[in-house]
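Q: Sequence first, then the predicted structure:
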Amino acid sequence: MDRRSGRGAGRTGLMGGTFDPIHIGHLIAAEAAMEAAELEEVWFVPTNVPPHKPQPRTSAAQRREMVELAVRGRAGFRVEALELERGGVSYTIDTVTALQEREPGREFHWIVGTDMMNDLPNWRRIDELAERISFVCLGRQGEASGESALPKSLRSRIVLAPMPPIGISSTDIRERRRAGRSIRYLVPQPVLDYIGRNGLYES
């Protein structure tokens, strides 16, 4: 495991996702990553066009606003809208390269779930990406992560971060909205209010 010792060097976690919508599971994951990897900040990076998922139905502006509402008031959490502003398909290597050029004194760590960690060998320019950053992998405590199946060059760049099992997904939230069911307590209250005001995810 590479925990990289740069205390005070701007240790920053990057959490990418469509956030369609952001929910409390995302926030709990960010807290777990911050604690396990001793991060000073977590930046939420809304994806513009995901490479391997359907295009979000809500607009980039709406998803950005929901993330801003969700993290408001939590010191150390902020929105990084680089991918939305850049446009096109969002690749992690492009985002990391741009951020490192913009902020050369900051140390970045990409936050992933177990499923994404196992797919790392298929990521665009993964060898270059692994040289630039490390990965904080979120998994349920006591659950096998599958880390040992990864190439050694990737295993050395991973910090494991246990987190409580949270059975919440953006897909489920959207389906509940379409069915007219409550999503209260699944998303932060300001996000719930925003979804209601804008009629998002209704059938």
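A: Looks like it arrived, so ask away.
Q: which helices and strands does the helix or strand bottoming out on mean pLDDT in the chain pack with?
A: Least confident helix or strand, the chain: helix 114-118 with a mean of 85, by mean pLDDT, DSSP states H and E. Applying 3 or more C-beta pairs under 8 Å, 6 or more residues apart in numbering; DSSP states H and E, one finds that helix 114-118 contacts strand 134-140. Glycine gets a C-beta too; all of them are placed from N, C-alpha and C.
Q: Which elements pack onto the strand it packs on?
A: helix 24-36, strand 107-113, helix 114-118, strand 158-163.
Q: buried residues in it?
A: S134, F135, V136, C137, L138, G139 (16 or more other C-beta atoms under 10 Å).
Q: now stretch 56-71
A: Residues 56, 58, 60, 62-71 are the ones in stretch 56-71 that count as buried (16+ other C-beta under 10 Å).
Q: Just the residues you listed: which are in helices?
A: A60, Q62, R63, R64, E65, M66, V67, E68, L69, A70, V71 (DSSP state H).
Q: which residues of the protein score low on pLDDT?
A: 1-9, 140-146 (pLDDT under 70).
Q: now do 90
A: Low-confidence segments of the chain (pLDDT under 90): 1-10, 51-57, 113-119, 139-153, 160, 162-167, 203.
Q: So which residues of it form strands?
A: Here the chain has its strands, by DSSP state E, at 11-17, 41-46, 77-79, 107-113, 134-140, 158-163.
Q: Single out the most deeply packed of the ones you listed.
A: Ranked by mean neighbour count, the strands of the chain are led by strand 41-46 with a mean of 24 (mean count of other C-beta atoms under 10 Å).
Q: Redo the buried residues of strand 134-140 as CSV? Include distance to A33.
A: Putting those into CSV (distance: C-beta to C-beta, whole Å) gives the following:
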residue, distance to A33
S134, 11
F135, 10
V136, 4
C137, 9
L138, 6
G139, 11
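Q: Measure how far stretch 116-130 is from the centre of its chain, please.
A: For stretch 116-130, the separation from the chain centroid amounts to 15 Å (computed by C-alpha atoms, centre = their mean, to the nearest Å).
Q: contact partners of that stretch?
A: Residues outside stretch 116-130 that contact it (C-beta atoms under 8 Å, 6 or more residues apart in numbering) are 51, 91-93, 96, 110, 112, 135, 137, 145-147, 149-151, 153-154, 157-158.
Q: so how far is R11 from the spatially closest residue to G76 that is not a sequence neighbour?
A: In space, and not counting its chain neighbours, G76 is closest to E41: 4.8 Å by C-beta to C-beta, 6 or more residues apart in numbering. In this view, E41 and R11 are 8 Å apart by C-beta to C-beta, to the nearest Å.
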